[in-house]
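> Could you work out the structure for the sequence below:
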Amino acid sequence: MPNAIQVNQTGGPDVLRWVPVDVADPGPGQVRLRHHAVGLNYIDVYHRTGLYPQPLPFIPGVEGAGVVEAIGDGVTNVAVGDRVAYAGPIGSYAELRLIDAVQLVTLPAAIDFDTAAGMMLQGLTVDMLINRVRPLSSGETILVHAAAGGVGLILCQWAKAIGATVIGTVSSDAKAELARAHGCDHPIVTSRDDFVTEVLRITDGRKLPVVYDSVGKDSFVRSLDCLARRGMLVSFGQASGPVTDFQPGLLAQKGSLYLTRPTLYDYIATRPELEASSAALFAMVSAGKVSIEIGQRFALADAASAHRALEARQTVGSTVLTV
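I've put the predicted structure just below:
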């Protein structure tokens, strides 16, 4: 019988339990998928703690890569034996799972399972951020918070490939060097330097057209201070906690600013959108314009340790849970 990580009650990492699970034959439109690697993302923490509520019990995890073992009636986009990956449907912390075939994309031969599991959610998110939510142009200067994280490293490289100048916040000198090696022109170590002051210095007071913020509560208001008139804050995460008590009038006071809170699933809601976004990501990785930095690996059964490291900001780049 296959095993999976299951959450029976919300809470800390200790609620992640490695248990045997039944996996049925695939129904119409479904695939039985054997994972080879699973990605770790901060949304997994939100599910585990109950910040983003899920019906209990549940299997966490929203991205993975593996091989199709069986297909149900009506499945035409993948076949038994195909190497596939996905981002979105919860339940990836499992050796074996059922998933709707429409959620899967076929992996190019040049992309291995670990790389796929470490990039699908984060890479599709970056495509959303800089190509769809607020298209980025060559010559623009941007601020990327958590520049040494999984999304941050991909975003820095992709933005650099477009021709942007990248300012990024990090928490240590080691992370600053990692971000710099992945396209961040101006890493700011926030334990030592104030990022608003540094943005003003780097831009000679002109500020920025866009800030990409996955940190949330601790950076939100000061991110607004980095924006030029009619600039946009793209708030797409809350690693430090949710933003509360926000008054929309603040956007007017600080220069008729724009604020958006996108979620990936609204940008890959249709099959053509998923295919287009995946193709863009695969092209960037296959061309060597974006490399996926897998900073650490944990056994899937040891997912609790991976969550502790992520919440303690001890991870860099992507984290992969091996199956």
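> So for the chain, the centremost residue is which one?
By C-alpha atoms, centre = their mean, the chain has its centre lying nearest to Gln122, at 2.9 Å.
> Am I right that that residue is in a helix?
Yes - with DSSP: H, G, I helix; E, B strand; the rest coil as the criterion, Gln122 is part of a helix.
> average pLDDT across the strand ranked longest in the chain?
Longest strand in the chain by number of residues (criterion: DSSP state E): strand 30-40. Mean per-residue pLDDT for strand 30-40: 98.
> do the same with stretch 90-106
98.
> which parts of it are buried?
The neighbour-count check on stretch 90-106 (16 or more other C-beta atoms under 10 Å) flags 90-105 as buried. No exception for glycine: its C-beta is placed from N, CA and C like everyone else's.
> from these, which single one is nearest Leu233?
Closest approach between the buried residues of stretch 90-106 and Leu233, by C-beta to C-beta: Ile90, at 27.7 Å.
> Surely the closest one and Tyr46 touch.
No - using C-beta atoms under 8 Å, Ile90 is not in contact with Tyr46, being 11.2 Å away.
> Which of the three states applies to Thr125?
Following three-state DSSP, Thr125 is assigned to helix.
> Ramachandran angles for the spatially closest residue to it that is not a sequence neighbour?
Closest residue in space to Thr125, ignoring its immediate chain neighbours: Leu264 at 5.2 Å, by C-beta to C-beta, 6 or more residues apart in numbering. Note on Leu264: its backbone torsions stand at phi -60, psi -40 [degrees, to the nearest 10].
> what do you get for Ser138?
According to degrees, to the nearest 10, Ser138 has phi -60, psi 140.
> Could you find the closest non-adjacent residue to it?
Excluding its sequence neighbours, the residue lying closest to Ser138 (C-beta to C-beta, 6+ apart) is Gly163, at 2.9 Å.
> so that neighbour sits right up against Gly139, yeah?
Yes - between Gly163 and Gly139 there is a contact under C-beta under 8 Å: 6.2 Å.
> and for these two, which residues touch both?
Residues touching both Gly163 and Gly139 (C-beta atoms under 8 Å, 6 or more residues apart in numbering): none.
> Which strands or helices does the longest strand of the chain pack on?
When contacts are defined as 3 or more C-beta pairs under 8 Å, 6 or more residues apart in numbering; DSSP states H and E, strand 30-40 packs onto strand 63-71, strand 83-87, strand 96-100, helix 113-117, helix 120-127, helix 303-311, strand 318-322.
> how about 7 Å then?
Judged by 3 or more C-beta pairs under 7 Å, 6 or more residues apart in numbering; DSSP states H and E, strand 30-40 is in contact with strand 63-71, strand 96-100, helix 113-117, strand 318-322.
> In space, what's closest to the residue lying farthest from the centre of the chain - neighbours in sequence excluded?
Relative to the C-alpha centroid of the chain, counting by C-alpha atoms, centre = their mean, Asp73 is the outermost residue, at 32.1 Å. Nearest-residue entry for Asp73: Pro28, 4.5 Å, with adjacent residues in sequence omitted and distances by C-beta to C-beta, 6+ apart.
> List the buried residues for stretch 54-63?
Within stretch 54-63, the residues that qualify as buried are 54, 58-63, counting by 16+ other C-beta under 10 Å.
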